[in-house]
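Engineer: Sequence plus the predicted model coming up.
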Amino acid sequence: MTSVAIADLSLSFGPVEVLKSLNLEVEEGEFVVLLGPSGCGKSTLLNCIAGLLDVTAGQIFIDGKNVTWEEPKDRGIGMVFQSYALYPQMSVEKNLSFGLRVAGLPKNEIKKRVDRAAEILQIEPLLKRKPGALSGGQRQRVAIGRALVRDVNVFLFDEPLSNLDAKLRTDLRVELKRLHQRLGNTMIYVTHDQIEALTLADRIAIMKDGLIQQLDSPSEIYNNPYNRFVAGFIGSPGMNFLHGTLTSEAGQWVFNSSGLRVPLSDYGFTNTPQEGQAVELGLRPEHIIVGDASAAQPVTMQVDTELVEPMGADTVLWTNVAGHALTIRTDSESIVKTGDKLNIGFNTSRASLFSENGERV
Amino acid sequence: MSNSQANLQAESTVATGRKRRHPLLRNMSAKIAAIPMILVTLVGFVGCSVWSIVYSFTSSKSLPREKFVGFDQYERLFDSSRWQISVENVAVYGVCSLVFSLGVGFLLAVAMDQKIRFENTFRTIFLYPFALSFIVTGLVWQWLLNGDFGVAQVIRDIGFTSFEFNILSDRDYSIYAVVIAGLWQGTGFVMALMLAGLRGIDQDIWKAARVDGIPAWRTYLFIVIPMMKPVFITTLVIIAAGIVKVFDLVVALTDGGPGVSSELPAKYVYDWMFGRGNLGQALAASTVMLSTVLIILIPWAYLEYSQKKDATHG
Amino acid sequence: MADTLAKRAVSEPHGPKPKRIISTRNIILYGFLIVAALYWLLPLYVMIVTSLKGLPEIRMGNVFSPPMEVTFAPWVKAWDSACTGLYCEGLKVGFWNSVKILIPSVVISIVIASVNGYALSFWRFKGSEIFFTILLFGAFIPYQVMLYPLVIILRELHLFSSLGGVVLIHTIFGMPILTLLFRNYFASVPEELFKAARVDGAGFWRIFLQIMLPMSLPIFVVAIILQVTGIWNDFLFGIIYAGTHNFPMTVQLNNIVNSTQGVKEYNVNMAATLLTGLLPLIVYFVSGKLFVRGIAAGAVKG
């Protein structure tokens, strides 16, 4: 059953269109991540779903009910903010129960819910403390707890890990995933961090300029990006892009660029290629094989190593082949030095081709 | 450079082979530049205050005299009915000021915080009295509160022909005229401070309260106001410090009258110091005023400085 | 799924929430604000209206009614020939006195305070913070406790009852708040800028004049606004230290209104009041947001 559905949702601030006729359906229990660069509209979309922003056009459905005109408290949602927004003068316990007290719930019901949330999030020893006396990670848990006690089906997260340092972020990311597995609620999560998106999401909605570029599972987005933007956004270091043209040779398509010739026999075309079409060939740095094993690959060539970046587990090589820059990721077992001539190879089945307007070919 | 300093320099040169500046000579330019501040602080503020306190224990009349009379001046002061009236009045003025300017100022700030149109216009209107001299304020309210021609006449014209409003010639209530004028001048300022405080509240708190289903009035009452405690305290201290200083307003509005019914401490001091030539009395009164302010200031300053981290560089 | 979605689309709630402009909330809110605004504007309106009426009209009519016959005679009289005690030369004397007091006071107090604030912010030395704290206290304590000793000091310097004397007084009393203003402003300047300049070999004055000054124009404007308003509106220091020939406008205004014997000319009084309040009001209306910044800065501590 659909948990959250958005139909033709648009939002404009005066003449500026921030969200453009968006459509999105989130299944029950799904973890959907809204991912994109700053200003793409992901937080705005989340705020619309929450009811904190009024839409200009379109509808929002939560659990089958049309909530487009409902107040946030009546939408069956709980929300966690980037700055946690805990009420600073109240203890953790009061923070969790304030909304319930205002709603007029009986005392034993309130206590039941608070205790349950505290047990799930392991914040029982913190109940009497004030937010100022908590660490960042503890505050985040209390913020989640505040949403938990509302007994709702849908949780909304607005960049909750962005304020934390790297180590804490990693730890809490895992905790969030465990929480989702335990609770099974629908979760909609906004972030600009692709690692968070890839690790947490069942499906990712990549957004740019108020439009959803692709809505797919992490592996699909990684392996089959719809367009140039998605391809370039996911992956670190980013995908290599080589400009060239497509030509047909003896019934087979070939990618040509000054000094480079890549036969595309293994490549799966989604659209019909045109003779002489200007395209970009996309290759992920981690899909390029280096050294002896490269000989077994369908396409091979030799590159000049310009720069070596050892990163511990991997090494990133900045190379050049016939005037084209190529980033390669390889394991740190092989010792490569600047100036080395390297044998590399790859399989075009893992590559991507994009036409001039950015669409996948 | 004094001998000892020269020696010290010579020694440090010998010891390290490189010229090391004596601590006193470091940052010389900064110290020279700060001389005015040091002078003003020591001689001006501290020195003068101490002088006044010391001489309040003398029997100085039109000119300072070195005849010490212990607490005589203070006894006379507390016995004087005029002083007692001043103290009563400043208390009335103070309480009314604090209650109304904080109350109305806060309500105005809340109203202004609601994303209204014409916000700038409203703010300009509430704040312009602050740009006026107290003399101007006092004189215009003297005219408005005039029993014969002012607002009273307007009310009589409407139909309440027997309406009397002679607050300026009423011994019991003349101080309230000063209160009215003072509130008109200062409430806009309190509003501006409160509004700045409200705007400083994290917007996410509002969002969280909305998601939690907490109505706006409860959010203000239980979440926002407690968060604004520092702003309230600062505003309170500023208002309180200003209350003791009220002088221009009462001179212009009522000149302490009728009689001495709207007398205030600042005017008491001025009259004895420059008018009736009793320096001792005036200084005793000033010292009492100073102590009152210090009693408010010192605990607050202690709180502020022990909590705040240093804001400057280096 | 998408089809069912599309079918539901137009019939049920969609688009922005309908908002009623005439809601109870809006009535109360705007009602409150408008009533308050009217109350605040009333005195200004009365001042203007009274100053444009002839005396007979004032006696007959009421304070709120607009003039039936507009006359500028009260303004002319207030400026030129109103009696301020012994002389009857109008407010123009006071106006120019105020100007003569204002300009040196503003310039000197700001120059000294800006250098002070700069020194305190970047060049802290032993004891500087203590001095500053005492200075700040000076902003709060009642002036009365320093009035007489200052008279003595000025007399020794042969500055009592003179322009120079009152300028000195204004400088002294302006220092706490202005120094605080500048110190806080410079504290928000990144220290790296300062360090880079020192690495380049610049000293105290050079850094101040060539780096800090050019980038602190806004705060200088705020300081000027603060001082112009404060000094122009001052009464106490003017009446004690300036001397009868140098009385500022505020003192003369009070004399015109409160010490006239005989017939009270309310229209002249109001015209005189308006004239005195005109300068700071103009500064206020022109500077808008900066004015608010100024008083907020003067009010918010450390």
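Structural biologist: Received, thanks.
Engineer: Report the buried residues of the lengthiest helix in chain B.
Structural biologist: Longest helix of chain B, by residue count under DSSP state H: helix B:81-112. Within helix B:81-112, the residues scored as buried using 16 or more other CB atoms under 10 Å in any protein chain shown are B:82-83, B:85-87, B:89-90, B:93-94, B:96-98, B:100-102, B:104-106, B:108-112. Yep, even glycine has a C-beta here, placed from its N, CA and C like the rest.
Engineer: where does chain B come near chain A, residue by residue?
Structural biologist: With CB under 8 Å from any CB of the partner chain as the criterion, chain B meets chain A at residues B:202, B:204-205, B:207-215, B:218, B:222-223, B:226-227.
Engineer: try 10 Å this time
Structural biologist: B:202-215, B:218-219, B:222-227, B:229 (CB under 10 Å from any CB of the partner chain).
Engineer: Weed out the non-buried ones from these.
Structural biologist: Members of the residues of chain B next to chain A classed as buried by 16+ other CB under 10 Å are B:204-214, B:219, B:222-225, B:227.
Engineer: ok, the residue nearest the centre of chain B to A:Asp340 distance?
Structural biologist: Central residue of chain B (CA atoms, centre = their mean): B:Gly242, 1.6 Å from the mean position. Distance from B:Gly242 to A:Asp340, counting by CB to CB, to the nearest Å: 77 Å.
Engineer: got it, and A:Ile212?
Structural biologist: Taking CB to CB, one finds A:Ile212 at 43 Å from A:Asp340.
Engineer: Of these two, which one has the most company?
Structural biologist: A:Ile212 (21 against 13; other CB atoms under 10 Å in any protein chain shown).
Engineer: sec struct for the more buried one, please.
Structural biologist: Here A:Ile212 is strand, with the state taken from DSSP: H, G, I helix; E, B strand; the rest coil.
Engineer: Let's verify A:Ile6: helix, strand, or coil?
Structural biologist: Applying three-state DSSP: A:Ile6 is strand.
Engineer: What sits closest to it if chain neighbours are left out?
Structural biologist: Among residues not flanking A:Ile6 along the chain, A:Leu24 sits closest, at 4.4 Å (CB to CB, 6 or more residues apart in numbering or on different chains).
Engineer: Tell me if I am right that that neighbour is in a strand.
Structural biologist: Yes: if the criterion is three-state DSSP, then A:Leu24 is within a strand.
Engineer: Need the pLDDT of it.
Structural biologist: We note a pLDDT of 92 for A:Leu24 in this prediction.
Engineer: now it: how far from chain B?
Structural biologist: According to CB to the nearest CB, to the nearest Å, A:Leu24 stands 20 Å off from chain B.
Engineer: That residue against A:Ile204, yeah?
Structural biologist: No: using CB atoms under 10 Å, A:Leu24 is not in contact with A:Ile204; the gap is 11.8 Å.
Engineer: Give the residues shared as contacts by the two.
Structural biologist: A:Val32, A:Leu34, A:Leu215 (CB atoms under 10 Å, 6 or more residues apart in numbering or on different chains).
Engineer: what stretches of chain A score poorly on pLDDT?
Structural biologist: Applying pLDDT under 70 to chain A flags the ranges A:1.
Engineer: Ok, the stretch 1-150 of chain C next?
Structural biologist: In the stretch 1-150 of chain C (pLDDT under 70), the answer is C:1-11.
Engineer: who has more neighbours, A:Leu24 and A:Ile204?
Structural biologist: A:Ile204 (28 against 19).
Engineer: Quickly run through the sheet partners of the helix or strand in which that one is found, with directions.
Structural biologist: Here A:Ile204 sits within strand A:203-208, counting by DSSP states H and E. Sheet pairing of strand A:203-208 (DSSP bridges) gives strand A:31-35 (parallel), strand A:211-216 (antiparallel).
Engineer: What separation do you get for the most centrally placed residue in chain C and A:Ile188?
Structural biologist: Most central in chain C under CA atoms, centre = their mean is C:Thr229, positioned 2.7 Å from the mean C-alpha point. The spacing between C:Thr229 and A:Ile188, counted by CB to CB, is 53 Å.
Engineer: What number of residues are in the vicinity of the residue nearest to C:Val292 when sequence neighbours are not counted?
Structural biologist: Take C:Val292 and drop its neighbours on the chain: the residue closest to it by CB to CB, 6+ apart is B:Ala192, 5.6 Å away. Look at B:Ala192: counted by other CB under 10 Å, it has 25 neighbours.
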